[in-house]
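**Student:** Structure of the sequence below:
(chains A and B)
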Number of protein chains: 2
Amino acid sequence: MTARKVYIHEVATRDGFQNEARFVETDDKVALIDALSACGYARIEVTSFTSPKAIPALRDAEAVMHRIARRPGVVYTVLVPNVRGAERALSCQVDEVNLVMSVSESHNRTNLRMSREQSFAQLADVIRVVRETPTAINISLSTAMGCPMEGDVPLENVLGWMQRFADLGAHGVTLCDTTGMAFPSQVARLCQAARRQFPGLALTLHFHNTRGLALANALAALDQGIDRFDASLGGLGGCPYAPGATGNVCTEELVHMLELDGYDTGVDLAAILDAAARLPGLIGHDVPSQLLKAGRRLDLHPMPAADAIPEQRAFQP
Amino acid sequence: MTARKVYIHEVATRDGFQNEARFVETDDKVALIDALSACGYARIEVTSFTSPKAIPALRDAEAVMHRIARRPGVVYTVLVPNVRGAERALSCQVDEVNLVMSVSESHNRTNLRMSREQSFAQLADVIRVVRETPTAINISLSTAMGCPMEGDVPLENVLGWMQRFADLGAHGVTLCDTTGMAFPSQVARLCQAARRQFPGLALTLHFHNTRGLALANALAALDQGIDRFDASLGGLGGCPYAPGATGNVCTEELVHMLELDGYDTGVDLAAILDAAARLPGLIGHDVPSQLLKAGRRLDLHPMPAADAIPEQRAFQP
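**Tutor:** Next comes the predicted model:
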């Protein structure tokens, strides 16, 4: 039996770095992305063509896009908030633009400072510009599994926003668990409904590990046939509502699980662990990744010499 | 449809505290266990009747067992390494003894300072003593999903050790992922085989979150009909092979997932979150629990005033 292919989308240099207090130097961003390009990812979300005032951490978007060495077969995508951002992105020949809005009104207002209808109108303008080019269009729908201010988000609302973007010609939709509110049976219901209603849309799941559930939710999505996941190296990416909480689902932990379970991600786990090990030096603090601390499951340990085993025993079940 | 019952076994005061450098005062242990007794757990692993030299953190085992207020319906269990420990435990009228050995030779030698056959002989002696009393007997099999020194552990070995203890009259077996090496499809295979071969044994799963997989593995076990889980409040419990790694599966995160997925754990999540919040004060450091930092998924946040939304936006997918 051929292993089922799962496509991994790396978002650390965008969704991760934009949350960091320390500016990661352009040279360091380019070197990291070039390293990641050799790791077997399906897609890399490089940066964001937002205003430097809105996201100063990514104020070097053009420089980064121009200087990275683009590897054939990898889709290089960028976040774009409006037509001005789309024009900047298109001038860099990006492969895909990723447009973001929330399915809950409160989150859209705090996250993007406008109503959902204002966001939709603005993104519809972007789509009209971009669809005249060969550039692919993906929509990331935030708070699709719960809003930190409104609570539960009805499934019908998520499907309704998917429909509006499908009608405009979007190629893919990413359902985002923005603040880690998803749980497995909810993920299963949502994925099942979304796949059934939109068989023509490339469907990606974007989880956060805010409440420890990211890998369990990914497992539930896989069981429904989902084969595309956003993930962030080192588990970078914060949640403004949960200070100290972990961030996006950690790429190396997701790939570790998927490869053990027999999926074919194409991602070189040893290589991304090497890349993840660079992150603390770039951002100035430890990263949430457990796998980076513990190593892969078969990274074995030597048996201690008999006289080196302490009298204080572990009795570790 | 009635919600499926899942039994939660709290191990923080044993598996958690035994790993802590700071001695938790007997009064504090008793107060914590008394609080936990009111939370709806099926079983609480109170302490360990090991030598005070082997595990100084639990040198007050008798005092703790005598002073806690035992709540009808909760099974109070303790770790017992040998006949001497069993006699001490029985003198405290424990409901159950929990015996530990590893299914891999290397881990048994480092964890317990003897061969597996020596451990088995010693535990068989314990069982002969305890089965003359109404006290239940559970066996925790360490490294059942991988050994940090030997690597993969054949399924047949796990089933073989289960058989030997079943033959001696054990009532239950806990399959332990001692150092967080389990992955979902492996868990599914192991649970399926163990349930099929030993329908008469109470089967518990014991996961560690060393590589971030604890909840995903629990989900895989649930899918195979497993309904008993060890878990540790706050995610306490270390792994000597992965310094800085997270510990046992975190009780509040497991209960949070299970209740959202429609299982009936009987555990009061708000009450155990209150209890978990005491832990940093008792042990002198932060705990791995993400849920303690982030709150439950429907612990909502107020919408900020419009003029309080910063110009630096999140663009948080």
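**Student:** Return the residues in contact with the residue nearest to residue A:247 when sequence neighbours are not counted.
**Tutor:** Spatially, and ignoring its direct neighbours in sequence, residue A:247 is nearest to residue A:237 (3.4 Å; Cβ to Cβ, 6 or more residues apart in numbering or on different chains). (C-beta placed from N, C-alpha, C; glycine too.) Counting by Cβ atoms under 8 Å, 6 or more residues apart in numbering or on different chains, residue A:237 makes contact with A:11-12, A:15-16, A:19, A:208, A:247-248.
**Student:** Among these, which one lies nearest to chain B?
**Tutor:** When these are ranked by distance to chain B (Cβ to the nearest Cβ), residue A:15 comes first, at 6.4 Å.
**Student:** tell me which parts of the stretch 1-150 of chain A are close to chain B?
**Tutor:** A:11, A:15, A:18-19, A:48, A:50, A:53-56, A:79, A:81, A:98, A:100, A:106, A:109-113, A:140, A:142, A:146, A:148-150 (Cβ under 8 Å from any Cβ of the partner chain).
**Student:** 6 Å - rerun?
**Tutor:** A:53-54, A:100, A:106, A:110-111, A:113, A:140, A:142, A:146, A:148-149 (Cβ under 6 Å from any Cβ of the partner chain).
**Student:** quick one: what helix or strand has the residue most central in space within chain A in it?
**Tutor:** Taking Cα atoms, centre = their mean, the centroid of chain A lies closest to residue A:230, which sits 3.3 Å from it. Counting by DSSP states H and E, the element that carries residue A:230 is strand A:228-231.
**Student:** just residue A:140 next, same as before
**Tutor:** strand A:136-142.
**Student:** Give me the contact status of whatever helix or strand comes next after that strand with chain B.
**Tutor:** Next along the chain after strand A:136-142, taking DSSP H and E as the criterion, comes helix A:155-168. No. Against chain B, helix A:155-168 shows no contacts by Cβ under 6 Å from any Cβ, the least distance being 13.5 Å.
**Student:** before we move on, the earlier item: the strand holding residue A:230 pairs with which strands?
**Tutor:** The pairing partners recorded for strand A:228-231 under DSSP bridges are strand A:7-10 (parallel), strand A:202-206 (parallel).
**Student:** Just the local confidence number for the residue of chain A most remote from its centre, please.
**Tutor:** Centroid-distance maximum for chain A: residue A:307 at 47.8 Å, with Cα atoms, centre = their mean. Residue A:307 is assigned a predicted lDDT (pLDDT) of 76.
**Student:** Could you report the distance from it to chain B?
**Tutor:** Distance check for residue A:307 against chain B: by Cβ to the nearest Cβ, to the nearest Å, it reads 11 Å.
**Student:** so who does that residue touch?
**Tutor:** Listed by Cβ atoms under 6 Å, 6 or more residues apart in numbering or on different chains, the contact set of residue A:307 is empty.
**Student:** Backbone dihedrals for it, please?
**Tutor:** phi -80, psi 0 (degrees, to the nearest 10).
**Student:** just residue A:93 next, same as before
**Tutor:** Torsion angles, degrees, to the nearest 10, at residue A:93: phi 50, psi 50.
**Student:** For the stretch 201-317 of chain A, which residues are neighbours of chain B?
**Tutor:** Contact residues (Cβ under 6 Å from any Cβ) of the stretch 201-317 of chain A with chain B: A:206, A:210-213, A:215-216, A:219, A:241-242, A:244-246, A:253, A:257, A:260-261, A:290-291, A:293-294, A:297-298, A:300-301, A:303-304, A:309, A:311, A:313-317.
**Student:** just checking, which of those residues belong to helices?
**Tutor:** For these, the ones inside helices are A:215-216, A:219, A:253, A:257, A:260, A:290-291, A:293-294, with DSSP state H as the criterion.
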